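Q: Next comes the sequence, and after it the predicted model I'd like to discuss.
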Amino acid sequence: MAITQILFWFLTVLALLSALMVLLSKNPVYSVLWLISVFFAISGHYILLNAQFLAIVNMIVYAGAIMVLFLFVIMLMNLNKETEPQKDIWMKIAGTIAGGCLLMVFISLVRQAKEMTGRTALLKTGNIGLIDNLGKALFSDYVVPFEISSVLFLSAMVGAVVIGKK
Amino acid sequence: MPIQYYIYLALSLFSIGVVGVLTRRNAIIIFMCIELMLNATNLLLVAFSKMHHAVALASNAATQVGIEGQLFVFFIMVVAAAEVSVGLAIIVMMYRNTHSIDVNFLNRLKN
């Protein structure tokens, strides 16, 4: 087994286990830490797919900025295990069954899809994920959405401040 | 690596996120599960972008096919960051009003 395959399976198991632990841990701070682990595993997948710019952005934006924001909010509210609201057991069972049914439908769809058979995702090679190609495309073909997203950020910032001050 | 493995991984992460939204009552955990679903979608987009790139690379060595998928992931991250800032502000406001982050307190719009 090649080293990329070993890394793929390791990162896959890490992502799935951490995602399950996000749900199962009672303390919200532990959930945040497990979610950071999921994001690092997904960043590892991006590096395996040679999407290095997205891997770094995923680490900086998600694991760095967004998760710190979550941690700040949780610590501001002083949440812990005792104040954690719990749904009753029947709602949990019903939610799990509903999510499992959704997964079954998805998997059966993918198994039937003829477009997906025999296709492979390119690992380790291909230079579209490197920052010079992505930057050229971003600032030539996609410069209008890029500028609109900066307006979106400005409005989100104003909205957060207005809602937070109320 | 066959594309099916990436699809199954992303679908499993997405379904775990759905189960989390359905079974937890803590508003912050629900929000984190939404982030998990967004990340599953991002992973799938990058895998599909590399899948199309692999096909195009066989005929043309300098092709840029598939770069759109990675740019979409970039824009999804931008929108997710904006969404998190507004959403957490709303959760903080809700906590100030009700002194709880239980979403069952919010089952009516008045008051």
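A: Perfect, thanks for sending it.

Q: which residues of chain A score low on pLDDT?
A: A:80-85, A:87 (pLDDT under 70).

Q: okay, now the domains of it?
A: Taking automatic domain parsing as the reference, chain A has its domains at A:3-129, A:130-166.

Q: can you give me the end-to-end distance of the first one?
A: Yep, that's domain A:3-129 we're talking about. 21 Å (CA to CA, to the nearest Å).

Q: For burial, what's the neighbour tally of residue 6?
A: In the absence of a named chain, this looks at chain A. 10 (other CB atoms under 10 Å in any protein chain shown). Quick note: C-beta positions are derived from backbone N, CA and C, even for glycine.

Q: nope, chain B please
A: 23.

Q: And the one 5 residues further on, by the same measure?
A: With neighbours defined by other CB under 10 Å, the count for B:Leu11 comes to 19.

Q: Make sure I have this right: it is in a strand.
A: No: counting by DSSP: H, G, I helix; E, B strand; the rest coil, B:Leu11 is not found in a strand; it is helix.

Q: Roughly how far does it sit from chain A?
A: Using CB to the nearest CB, to the nearest Å, one gets 4 Å for the distance from B:Leu11 to chain A.

Q: where's the closest residue to B:Asn104 other than its chain neighbours relative to A:Leu122, distance?
A: Take B:Asn104 and drop its neighbours on the chain: the residue closest to it by CB to CB, 6 or more residues apart in numbering or on different chains is B:Arg25, 6.0 Å away. For B:Arg25, the distance to A:Leu122 (CB to CB, to the nearest Å) stands at 42 Å.

Q: and what of A:Ile128?
A: Taken as CB to CB, the span from A:Ile128 to A:Leu122 is 9 Å.

Q: For those two, work out which one has more neighbours and name it.
A: A:Ile128 (26 against 21).

Q: any common contacting residues for A:Ile128 and A:Leu122?
A: B:50, B:53 (CB atoms under 8 Å, 6 or more residues apart in numbering or on different chains).

Q: mind listing what the most centrally placed residue in chain A touches?
A: With distances taken as CA atoms, centre = their mean, A:Phe39 lies nearest the centre of chain A, 5.5 Å away. The neighbours of A:Phe39, taking CB under 8 Å, 6+ apart as the test, are A:58-59, A:62-63, A:67, B:39.

Q: one step back: put together CSV for the domains of chain A, with distance to B:Phe48 on each row.
A: What follows is the domains of chain A, written out as CSV (distance: least, CB to CB, whole Å):
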stretch, distance to B:Phe48
domain A:3-129, 8
domain A:130-166, 16
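
Q: Would you map the helices across chain A?
A: A:3-24, A:28-48, A:52-57, A:67-77, A:89-112, A:131-140, A:143-165 (DSSP state H).

Q: what helix or strand is the closest residue to A:Leu122 other than its chain neighbours on?
A: Closest residue in space to A:Leu122, ignoring its immediate chain neighbours: B:Ala54 at 4.0 Å, by CB to CB, 6+ apart. Using DSSP states H and E, B:Ala54 sits in helix B:27-57.

Q: could you give me the average pLDDT of that helix?
A: Over the span of helix B:27-57, the pLDDT mean works out to 90.

Q: Can you give the distance of that helix from its chain's centre?
A: 7 Å (CA atoms, centre = their mean, to the nearest Å).

Q: Excluding chain neighbours, what is closest to the residue nearest the centre of chain B?
A: Geometric centre of chain B, nearest residue: B:Leu38, 0.6 Å, by CA atoms, centre = their mean. Take B:Leu38 and drop its neighbours on the chain: the residue closest to it by CB to CB, 6+ apart is B:Ala80, 5.2 Å away.

Q: so how many other residues sit close to the one you found?
A: Neighbours of B:Ala80 (other CB under 10 Å): 19.

Q: Could I get the contacting residues of it?
A: Contacts of B:Ala80 by CB under 8 Å, 6+ apart are A:62, A:66, B:35, B:38.

Q: and the residues you listed, which two are the farthest apart?
A: Across the contacts of B:Ala80, the longest distance by CB to CB is 10.3 Å; it joins A:Ile66 and B:Leu38.
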